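# This is the structure alone, sequence omitted:
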Ligand SMILES: [Zn+2]
């Protein structure tokens, strides 16, 4: 149901206060103004009941006296708005000072009223909700539809047959009532794209289902051939676990997620690769070429044996009944034996793959000076169930950024470059909505996209986490210094983040676990991915609801406010700064570290295989040279930027010089793309960041090199060294291309 906004009267600071009109009253309404701050640690899992108790006793969240005394300001920012500040700065201050937690809470409440799995009728309500929100703010709004292959369960059952003759039916359902007590159709637990199948076979435990686990179990003389394999969820993608089980002869796979607080079933996809399987590499628009389901290109993306998620309780019942060999010590698992059997499982999964329409929604804020340069903020909207964390905590933040940008527009702001807010569909099935769109717009994105800023599970709990391509590191540090930490009084996100064990650790974007994948790995667009907390216990279960968020994830929605602040502020810098805030020296430093790690790894290989002569046969020299070229180009660009920043004049020649430098900064990332892509996985074009083919590889960068190293055991030393060297050359040439693009001169 849509929620409507009216714009309230201008207050003394010249800031409009939005008044929230409830179309459907949320159970609790959070007051932002004069709310004050959370106490230290408030809102952590241990203290999650506080927000809840108050909301139940009064129906409205009011600040405690202590909180009111702590600070009575707009949450979370008290930025003074200086009317004399340059325009862009003044609007950044307005952006921060117009943060409100109650609006974000209301959006999240509305988005999570019903489960909204991609391709189903209820998901259309969330499309309409986002469209009407953007339209009500007078933002230019449109949608892009695709017809893609999705997958749904039709029937499943599981029972355990014990040696004493008893049969235990294991429940495969979760509560299907939403927070209002309404009946709602939560999809039964399943693995999307699993083939249908049945099995009546012995159960066997394989730890995380990695190669090392299968090797360990073989040493115990345990064979999984013909068995139903049970695996706990680790770092491997689900589809890879199934594939490895299949290679070892298993007939079906059950996966469960461990954790004291974990309940329910972790749904997920087992398809490999990214995007619609029927249109690999091109967009699944109406009347587009569509491969047959039986096409080998399509089939190779799906496992051949069926699988399902299992609840931790059901897993325990089965595992406790196993006999046979005790588990290898290195598994560190409280288990008497790994099987196989004597317990026999009767497993059935039936599902259907069908073509369904998916909907991406966009709001476009056209740039005043450079409308043909795009800054993209994206989050997916589809969820396995209610999706309060995954992904709608991000959607709520996106909608609040839209509200605040619209407010700024009413006050006269228009970004220099175009800002596009993107709400993706069908991410859970394999980044399908974003991938189809990137494929459809590849040339325009390649020549005009400045950056892509992704948020998926925006708020999972406490603690700031971020991943980025390295030229954005400096901007990230800068922006987190401007946003107040949601969990500790008086400090910024940056200060709290820097004080953690890992320091300001910025992860890289080699994974394919959210919508940044097509932007970085296929289109070479500089990208960021931000979130609060990680490893939340209700991931992909029916318990990922608004209620969980208000009880556990973020009772006062302050972490949501922090994410929206960082996300929106990053975009404002990228859209408004006259020189793009990209620092390629960070990139070069990062590559330098990769070179060292790679060198150590090759040394290790030498010590593992004494016949190897790494020094003589594999040379890292091409990397050294190309990184040096990138360093020089980055320094030059930096110097040029310094000079141009000081030139206030808006004369044509300076504007064009800035534009030319910005284009070089924007296009350098594209240099890392290779037209041939990764060997055997041509869709992945980026040679620095991408998933390695071997998910147990020690390298989470240079995926082509990682693949060559993984395959070395299957080749002669000569062949393997040649393959590794070739991939090192390819990476070096990619770095050189980036350096040339940054430098901007023809040879
Ligand atoms: Zn997600």
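Received it, and whenever you're ready, just let me know what you need. Predicted, not measured: the structure shown is a model, and the values here were computed from it.
# Now for the residue in the stretch 501-650 of the chain that the ion sits nearest to: which residues touch it?
In the stretch 501-650 of the chain, the residue that lies nearest the ion is residue 514 (6.1 Å; CB to the ion). For the C-beta atoms, the positions are set from N, CA and C on the backbone; glycine is no exception. Contacts for residue 514 were tallied using CB atoms under 8 Å, 6 or more residues apart in numbering; they are 380, 427, 431, 454, 456, 529.
# now residue 143, what's its secondary structure?
Here residue 143 is recorded as strand under DSSP: H, G, I helix; E, B strand; the rest coil.
# what about it, how many residues close to it?
Around residue 143 there are 13 other residues, counting by other CB atoms under 10 Å.
# distance of it from residue 364?
With distances taken as CB to CB, to the nearest Å, residue 143 is found 12 Å from residue 364.
# Kindly report the same for residue 663.
21 Å.
# again with residue 132
Look at residue 132 and residue 364: by CB to CB, they are 16 Å apart.
# try residue 576
In terms of CB to CB, residue 576 sits 16 Å off from residue 364.
# quick revisit: mind checking which of the contacts of residue 514 are in strands?
380, 454, 529 (DSSP state E).
# got a winner among those for most neighbours?
Top of the ones in strands among the contacts of residue 514 by neighbour count (other CB under 10 Å): residue 380, with 30 neighbours.
# need the contact list for that residue.
Shown in contact with residue 380 (CB under 8 Å, 6+ apart): 391, 394, 423-428, 433-434, 456, 514-515.
# How many neighbouring residues does the closest residue to the ion within the stretch 151-300 of the chain have?
Proximity of the stretch 151-300 of the chain to the ion (CB to the ion) peaks at residue 268, 10.3 Å away. Neighbour count of residue 268, defined by other CB under 10 Å: 23.
# I'd assumed residue 194 was in contact with it.
No - between residue 268 and residue 194 there is no contact under CB atoms under 8 Å: 10.2 Å.
# Can you tell me the SS state at the nearest residue to residue 347 once chain neighbours are set aside?
Closest residue to residue 347 apart from its sequence neighbours, by CB to CB, 6 or more residues apart in numbering: residue 199 at 4.5 Å. What three-state DSSP gives for residue 199 is strand.
# How about residue 359?
strand.
# same question for whichever strand or helix holds residue 125, mean pLDDT?
Under the criterion of DSSP states H and E, residue 125 resides in helix 121-136. Mean pLDDT, helix 121-136: 96.
# what packs against that helix?
Using 3 or more CB pairs under 8 Å, 6 or more residues apart in numbering; DSSP states H and E, the elements in contact with helix 121-136 are helix 101-111, strand 140-161, strand 344-365, helix 392-410.
# Adding distance to residue 583 as columns, could you present those in TSV?
Converted to TSV, the helices and strands packed on helix 121-136 look like this (distance: least, CB to CB, whole Å):
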stretch	distance to residue 583
helix 101-111	31
strand 140-161	32
strand 344-365	26
helix 392-410	24
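# so can I have TSV of these showing distance to the ion and mean pLDDT?
As requested, the helices and strands packed on helix 121-136 are exported to TSV (distance: least, CB to the ion, whole Å; pLDDT from 0 to 100):
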stretch	distance to the ion	mean pLDDT
helix 101-111	13	96
strand 140-161	16	96
strand 344-365	15	97
helix 392-410	8	97
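# Checking the residue nearest in space to the middle of the chain next. Helix, strand or coil?
By CA atoms, centre = their mean, the chain has its centre lying nearest to residue 514, at 3.4 Å. Under three-state DSSP, residue 514 falls in the coil class.
# Look up how far residue 535 lies from it.
Residue 514 is 15 Å from residue 535, by CB to CB.
# Next: residue 743.
43 Å.
# Between those two, tell me which one has more neighbours.
Shown here are residue 743 and residue 535; by other CB under 10 Å, residue 743 has more neighbours (18 against 10).
# near the ion, which residues of the stretch 301-450 of the chain?
390, 391 (CB under 5 Å from the ion).
# cool, the chain as well?
390, 391, 456.
# now those in a markdown table, with pLDDT and distance to residue 351?
Below are the residues of the chain next to the ion laid out as a markdown table (pLDDT from 0 to 100; distance: CB to CB, whole Å):
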| residue | pLDDT | distance to residue 351 |
| --- | --- | --- |
| 390 | 95 | 21 |
| 391 | 97 | 23 |
| 456 | 96 | 25 |
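# Residues that sit against both of residue 143 and residue 364, list them.
With CB under 8 Å, 6+ apart, residue 143 and residue 364 have no common neighbours.
# tell me the contacts of the residue lying closest to residue 442 once chain neighbours are set aside?
Of all residues not flanking residue 442 in the chain, residue 523 sits nearest, at 6.2 Å (CB to CB, 6+ apart). Counting by CB under 8 Å, 6+ apart, residue 523 makes contact with 438, 442, 445, 446, 449, 673, 685.
# Show me the protein divided up by domain.
The chain breaks down by automatic domain parsing into domains covering 4-148+357-576, 150-355, 584-743.
# And the last one, end to end?
As for domain 584-743, its first-to-last residue distance stands at 11 Å under the measure CA to CA, to the nearest Å.
# what separates that domain from the chain centre, distance-wise?
Taking CA atoms, centre = their mean, to the nearest Å, one finds domain 584-743 lying 23 Å from the centre of the chain it belongs to.
# One more: the longest one?
Distance, stretch centre to chain centre, for domain 4-148+357-576: 13 Å (CA atoms, centre = their mean).
# any idea how far the closest residue to residue 240 other than its chain neighbours is from residue 207?
Counting by CB to CB, 6+ apart, residue 240 lies nearest to residue 695, which is 5.2 Å off, once chain neighbours are set aside. Counting by CB to CB, the gap from residue 695 to residue 207 is 15 Å.
# neighbour count winner among the two?
residue 207 (22 against 17).
# Specify the local secondary structure of that one.
coil.
# So it sits against residue 333, correct?
Yes - with contact defined as CB under 8 Å, residue 207 reaches residue 333; the gap is 6.9 Å.
# what's the overlap in contacts for these two?
Common neighbours of residue 207 and residue 333 (CB under 8 Å, 6+ apart) are 232, 327.
# now the helices for the stretch 501-650 of the chain?
Remark: helices assigned in the stretch 501-650 of the chain by DSSP state H, counting those that start in this stretch are 516-517, 546-548, 558-576, 584-608, 614-617, 621-646.
# Of those helices, flag the one that's most buried.
helix 516-517 (a mean of 28; mean count of other CB atoms under 10 Å).
# Output the contacting helices and strands for that helix.
strand 527-532.
# And the strand it packs on, what does it pack against?
In terms of contacts (3+ CB pairs under 8 Å, 6+ apart), strand 527-532 is packed against strand 449-454, strand 464-468, helix 516-517, helix 558-576.
# which residues does the closest residue to residue 688 other than its chain neighbours contact?
Using CB to CB, 6+ apart and skipping residues adjacent in sequence, the residue nearest residue 688 is residue 672, 4.9 Å away. By CB under 8 Å, 6+ apart, the residues touching residue 672 are 524, 686, 687, 688, 689, 734, 735, 737, 738.
# My assumption is that the last one lies in a strand; please confirm.
What that stands for is residue 738. No - under three-state DSSP, residue 738 falls outside any strand and is assigned helix.
# coming back round to it: farthest pair in the contacts of residue 380?
For these, the maximum inter-member distance is 15.3 Å, found between 394 and 426 (CB to CB).
# which residues of the stretch 251-400 of the chain score low on pLDDT?
Applying pLDDT under 70 to the stretch 251-400 of the chain flags no residue at all.
# Which parts of it are strands?
252-256, 268-269, 307-309, 344-365, 370-380 (DSSP state E, counting those that start in this stretch).
# which other residues reach the third one?
Residues outside strand 307-309 that contact it (CB under 8 Å, 6+ apart) are 156, 158, 172, 189-191, 194, 238, 241-242, 252-257, 265-268, 270, 347, 349.
# now do 6 Å
Residues outside strand 307-309 that contact it (CB atoms under 6 Å, 6 or more residues apart in numbering): 189, 191, 194, 242, 253, 254, 255, 265, 266, 270, 349.
# By mean pLDDT, flag the weakest helix or strand of this structure.
helix 49-58 (a mean of 28; mean pLDDT, DSSP states H and E).
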